[in-house]
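Student: Got a predicted structure plus its sequence, pasted below:
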Amino acid sequence: MTNQEITERVERVVAGVLGAGAPTGDGTVNIAEWDSVKHMNVILAVENEFDVEFDDEELANTHSIPSLVEAVAKHLAG
Amino acid sequence: MTPVRFFFARNFTVEPFGEPLTIAGREIGVEISSEFGSYGNALTDIFEAGSRATPPDFVCVVLSLDYLGAGIFSPSWRMEDAEREVDQILAALEGLPTGVSGIVATFIPGPCCELPACTETGDAALILNARIRAFAAARSGRIGLLELDRIVARLGWEACIDRRFGLMMKAPFTSALTGGAAKELVRHVRVRQAPPFKVLVLDCDNTLWGGVVGEAGVEGIALDPYEYPGIAFYRFQSEILRLAEKGVLLCLCSKNDEAAVFEVLDNHPHCLIRRKNLAGWKVNWTDKAANIRALAAELSLGIDSMVFVDDNPVECELTAKALPELRVVLLPKKVYQIPDVLGDLDLFDRVTVSREDRERAGYYQAEQARREVQKTVTDPASFLEALEMRAVVRRLREADISRAAQLCQRTNQFNLTTKRYTEAEMAGFLADPDSMVFLLEAADKFGPMGTSGLIIVRRRGGEADIDTFLLSCRIIGRKFDQLLFRVAVREAVDAWAAGMVTATFCPTAKNSLVKSLYTEYGFEGSEAPEGTVFRCSSAKLDLVPPKEIALVESL
C-alpha cells in the first residue's frame, strides 16, 4: 500500500470519527475537537481500519494525519 | 423531536456514552444531548446541575466503584470512606429538584476480582454496588439504577472492556458496552416521556401454554417446570406473574372454549396464572379487537394503556389495525425466546398502579364470573378482507386418506358430529358412490394453513345428509366453514338431484361453539336421541360461496 493510499484512508476514517470538516489538503488537521476522547476514538478507528495496534509511544504522538500515516505505514511494513 | 438533556456526573471517562445515547434516543423520537461533569467532582457537579435555572432532564452519576474513597488499589483505601462517598452522592441525587430524574450507574471493575490477592477489594466493590442497588430499589420511581455489569455479563468481558484505554484514559468501555448502556438509559427516557402500560392482555393457546387446549386437552398442553417446550411457557407465566405483582392487570383474550381455558387455570398442576390473578377475560369466538375494547371499558382504562400478546400474526395484525392505540406484541416463533419477550421490551418499566386499580381487578373478576355468555362468531367484513383469503375445495383422493382420518381423530371444537373415522373407513367412503368427501385447503396472505376442513355428504334416498363437518380450530371464524359447506352441498345436491338436505349436531364437551351453526345456515332443527337433527330444502339454502374468500383450483 502506498503512502498516498494510506493517507486517503486515514483521512476518511478521521473525518468519520471527528464528524466536523475533513482534514485540510496539506495533511494537517485543523480541528479543535480533537480532544483526548476523540483521540481515543480516532486511534480505535484507524487501528480497526488497518488491523494494526499502535504502541504506547505512538499513541501519545499521533495527533495529526501525517503522524498517523507514519505509524500505520510502520506497522504494515512489519 | 423532543429534546432531552442528560448531565453525566462521574469518576471516570464516560464521554463515549454520548454518541450511542443520541442514536438510541432517535429510535424513540427523542433528541438526546449529553453534558459531562469534571472528574472526581461527582458530588458538587450533581448539586450544580440541579440548581441551574434550566436544569437538565436527567442527572446520571456513573461510578467506577474501584475509584471511590482513596481508590480500591491504594494502601490508604478504607471501606468507610468509600461508603461515605457513595452515601453523599446518593443523597445528592435524591435531593435533585422535581422534574430532574436521577440515575445512578455502577461499574464493578472485574480484573480486581480475577486476582486472588484482590478478593477482598473485589468483594468491596460488590458490597458498594449492593448498597447502591438497595438505595435505588427503595426509591424506584425517584432514582433509576443502571448496573453496567449486567451488560458485561450479557455481552462478555472481552467484548465490553478495553484494558488499554481503561488504564491509559480511564475509559474502559468498548462500543459494545456503551451501546448497551445507551439502550438502557433510553428506557429511562421512555418511561418519563410516555404514560405507562397498565394492562397485559394475553392469548391462551401457544402463548400461556404450548398447543391448543381445545384439541389436546388439559393433559396434552405443554406447560412444565422442567421439560422443554413446556418450561418456556412456564417461565413466561412466571414473568407475567412478576408483572402482576408490580400491579399490572392481567386479562385473557382468546378464541377458545371458556371451560377448557379455565380447566387449565383452575386444575393444571403447573399453571402459575390462576383465575384469581385475572382482572378480566374474554374467552369466546368474537373478534379480538371487539373483546379488547370491551375489556378496556370494563376496566375503565384506555386502550393505549394495554399491551396485547398473541402468537398468531393474523390476530396481531388485525387487532393492531382495528385498535391503532393498542400495543401489540407478536410472540417469537422460536419457543425458547418466549420467556424473555416482556423483559426485553420492558413496556412495564416502573409501573405505578394505585390501590384502587388493584381493587378494581378483584371487582371485575367477580363481575366476569357472572357472565357466562358465549358469543358466536361475528367477524367484521373488513377484518376478513384484509386477510386476502383463498381456498381450494376438492374431493378426497387416495393420497388424502391419512390426513382426512387424522382430521376426524383430532378435531374437537368445530366438529358437528365428532365421528372418529379411521383410515379404513375413509377409504370406504372413497369407494362408495353414495358418499362424497370434500377437503378444504386454506391460505391467506400470511401463508398456507394446510388441509384444514372436511365434510362428508351421504345420499339417503332423495336427500343429501351431512354426515361429518369439521374445521381445524386455527381457521375458525373466518367463513371457511361457509365456503366448504356451500361448495360441497351444491355439488352433492346437483349430482344426486337432492331436494332436501339434512344434518346433525351431536353435542360433546368441546363443540358448543357450533351448536347453532346449522340454524344460522338456515336449517330448522328438532331434537333427536343422537342430538339435534336439522332439515332444509336445498332450494332454500344459501349455497353461494362467501365473497371474502377466493375459490381457487390450487394454492
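Tutor: In hand now; what should we look at?

Student: CA atoms for contacts and neighbours, from now on please.
Tutor: Noted.

Student: what's in contact with stretch B:390-401?
Tutor: Residues from elsewhere that reach stretch B:390-401 (C-alpha atoms under 8 Å, 6 or more residues apart in numbering or on different chains): B:423, B:426-427, B:430, B:436-444, B:480, B:484, B:487-488, B:549-555.

Student: List buried residues within the residues you listed.
Tutor: Those of those that meet the buried threshold are B:423, B:426-427, B:430, B:436-444, B:480, B:484, B:487-488, B:549-551, by 16 or more other C-alpha atoms under 10 Å in any protein chain shown.

Student: Name the residues of chain B found near chain A, please.
Tutor: Residues of chain B found near chain A (C-alpha under 8 Å from any C-alpha of the partner chain) are B:15-16, B:165.

Student: 10 Å instead?
Tutor: Within chain B, the positions adjacent to chain A are B:13-16, B:164-165, B:168-169, B:171, B:174-175 by C-alpha under 10 Å from any C-alpha of the partner chain.

Student: Of those residues, just the buried ones, ChimeraX syntax please.
Tutor: Written as a ChimeraX command, the selection of buried residues from the residues of chain B next to chain A, which uses 16+ other C-alpha under 10 Å, is:
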select /B:13,14,15,16,165,171,174,175
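
Student: Using a markdown table, please lay out the residues of chain B next to chain A together with secondary structure.
Tutor: Output for the residues of chain B next to chain A, formatted as a markdown table (DSSP: H, G, I helix; E, B strand; the rest coil):
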| residue | secondary structure |
| --- | --- |
| B:13 | coil |
| B:14 | coil |
| B:15 | helix |
| B:16 | helix |
| B:164 | helix |
| B:165 | helix |
| B:168 | helix |
| B:169 | helix |
| B:171 | coil |
| B:174 | coil |
| B:175 | helix |
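
Student: And the closest residue to residue B:223 other than its chain neighbours, how far from residue B:271?
Tutor: Among residues not flanking residue B:223 along the chain, residue B:230 sits closest, at 3.8 Å (C-alpha to C-alpha, 6 or more residues apart in numbering or on different chains). Noted for residue B:230: a distance of 10 Å to residue B:271, by C-alpha to C-alpha, to the nearest Å.

Student: of these two, who's got more company?
Tutor: Legend: neighbour count by other C-alpha atoms under 10 Å in any protein chain shown for residue B:230 and residue B:271, higher for residue B:230 (22 against 19).

Student: Touching, the more buried one and residue B:270? I think so.
Tutor: Yes: with contact defined as C-alpha atoms under 10 Å, residue B:230 and residue B:270 form a contacting pair (9.4 Å).

Student: show me where pLDDT drops low in chain A?
Tutor: For chain A, the stretches flagged by pLDDT under 70 are A:20-34.

Student: so where do the helices sit in it?
Tutor: Per DSSP state H, chain A carries helices over the ranges A:3-18, A:36-50, A:56-60, A:65-76.

Student: show me the residues around the spatially most central residue of chain A that make contact.
Tutor: By C-alpha atoms, centre = their mean, chain A has its centre lying nearest to residue A:68, at 4.0 Å. Applying C-alpha atoms under 10 Å, 6 or more residues apart in numbering or on different chains to residue A:68 gives the contacts A:6-7, A:10-11, A:14, A:42-43, A:46-47, A:54, A:58-59, A:61-62, A:74.

Student: sorry, back to before: please flag which of the contacts of stretch B:390-401 sit within strands.
Tutor: Among these, DSSP state E puts B:436-444, B:549-551 in strands.

Student: count of neighbours near residue 78?
Tutor: In the absence of a named chain, chain A is used. Neighbour count of residue A:78, defined by other C-alpha under 10 Å: 7.

Student: I was after chain B.
Tutor: Counted by other C-alpha under 10 Å, the residues lying close to residue B:78 total 15.

Student: That one reaches residue B:69, doesn't it?
Tutor: Yes: using C-alpha under 10 Å, residue B:78 is in contact with residue B:69, at 7.0 Å.

Student: Kindly indicate whether the one residue in the stretch 201-350 of chain B that gets nearest to chain A is helix, strand or coil.
Tutor: Among residues of the stretch 201-350 of chain B, the one nearest chain A by C-alpha to the nearest C-alpha turns out to be residue B:344. It sits 29.7 Å away. When classified by three-state DSSP, residue B:344 comes out as helix.

Student: Please report how far it lies from residue B:337.
Tutor: Using C-alpha to C-alpha, residue B:344 is found at 10 Å from residue B:337.

Student: buried residues in the helix or strand harbouring residue B:295?
Tutor: In this assignment (DSSP states H and E), residue B:295 forms part of helix B:288-299. Neighbour counts over helix B:288-299 (16+ other C-alpha under 10 Å) mark B:288-296, B:299 as buried.

Student: Next: stretch B:268-276.
Tutor: B:268, B:270-273, B:275.

Student: ditto for stretch B:138-155
Tutor: For stretch B:138-155, burial by neighbour count (16+ other C-alpha under 10 Å) applies to B:141-149, B:151-152.

Student: again with stretch B:156-166
Tutor: For stretch B:156-166, burial by neighbour count (16+ other C-alpha under 10 Å) applies to B:157, B:160-163, B:165.

Student: Extract the C-alpha trace of stretch B:123-132 and format it as CSV.
Tutor: These are the backbone C-alpha positions of stretch B:123-132, laid out as CSV (Å, rounded to 0.1, in the frame of the first residue of the first chain):
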residue,chain,number,x,y,z
ASP,B,123,-15.8,-8.1,47.4
ALA,B,124,-15.7,-4.4,48.5
ALA,B,125,-16.8,-3.3,45.1
LEU,B,126,-19.7,-5.8,45.2
ILE,B,127,-20.7,-4.6,48.7
LEU,B,128,-20.7,-1.0,47.5
ASN,B,129,-22.8,-2.0,44.5
ALA,B,130,-25.3,-3.7,46.7
ARG,B,131,-25.5,-0.6,48.9
ILE,B,132,-26.3,1.5,45.8
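
Student: related to what we said a few turns ago, now the helix holding residue B:295: mean pLDDT?
Tutor: For helix B:288-299, the mean per-residue pLDDT is 91.

Student: my guess is residue B:537 meets residue B:499, correct?
Tutor: Yes: here residue B:537 reaches residue B:499: they are 5.8 Å apart, a contact under C-alpha under 10 Å.

Student: Mind listing the shared neighbours of those two?
Tutor: The contact lists of residue B:537 and residue B:499 share residue B:463, where a contact means C-alpha under 10 Å, 6+ apart.

Student: Stretch B:303-310: how far from the chain's middle?
Tutor: 9 Å (C-alpha atoms, centre = their mean, to the nearest Å).

Student: Same check on stretch B:157-176?
Tutor: The answer for stretch B:157-176 is 37 Å, by C-alpha atoms, centre = their mean.

Student: How about stretch B:49-65?
Tutor: Stretch B:49-65 sits 36 Å away from the centroid of its parent chain (C-alpha atoms, centre = their mean).

Student: so who does residue B:57 touch?
Tutor: The contact partners of residue B:57, by C-alpha under 10 Å, 6+ apart, come to B:3-7, B:32, B:49-50, B:98-102, B:189, B:192.

Student: Which of these ranks first by neighbour count?
Tutor: Greatest neighbour count in those, by other C-alpha under 10 Å, goes to residue B:102: 29 neighbours.

Student: tell me the SS of that residue?
Tutor: Classified using three-state DSSP, residue B:102 is strand.

Student: is it true that it touches residue B:90?
Tutor: Yes: if you go by C-alpha under 10 Å, residue B:102 and residue B:90 touch, sitting 9.2 Å apart.

Student: which residues do the two both contact?
Tutor: B:46, B:61, B:136, B:143.

Student: quick one on the thing from earlier: can I get the buried residues of stretch B:156-166 in JSON lines including secondary structure and pLDDT?
Tutor: Shown next, in JSON lines, are the buried residues of stretch B:156-166 (DSSP: H, G, I helix; E, B strand; the rest coil; pLDDT from 0 to 100):
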{"residue": "B:157", "secondary structure": "helix", "pLDDT": "90"}
{"residue": "B:160", "secondary structure": "helix", "pLDDT": "94"}
{"residue": "B:161", "secondary structure": "strand", "pLDDT": "92"}
{"residue": "B:162", "secondary structure": "coil", "pLDDT": "91"}
{"residue": "B:163", "secondary structure": "helix", "pLDDT": "87"}
{"residue": "B:165", "secondary structure": "helix", "pLDDT": "90"}
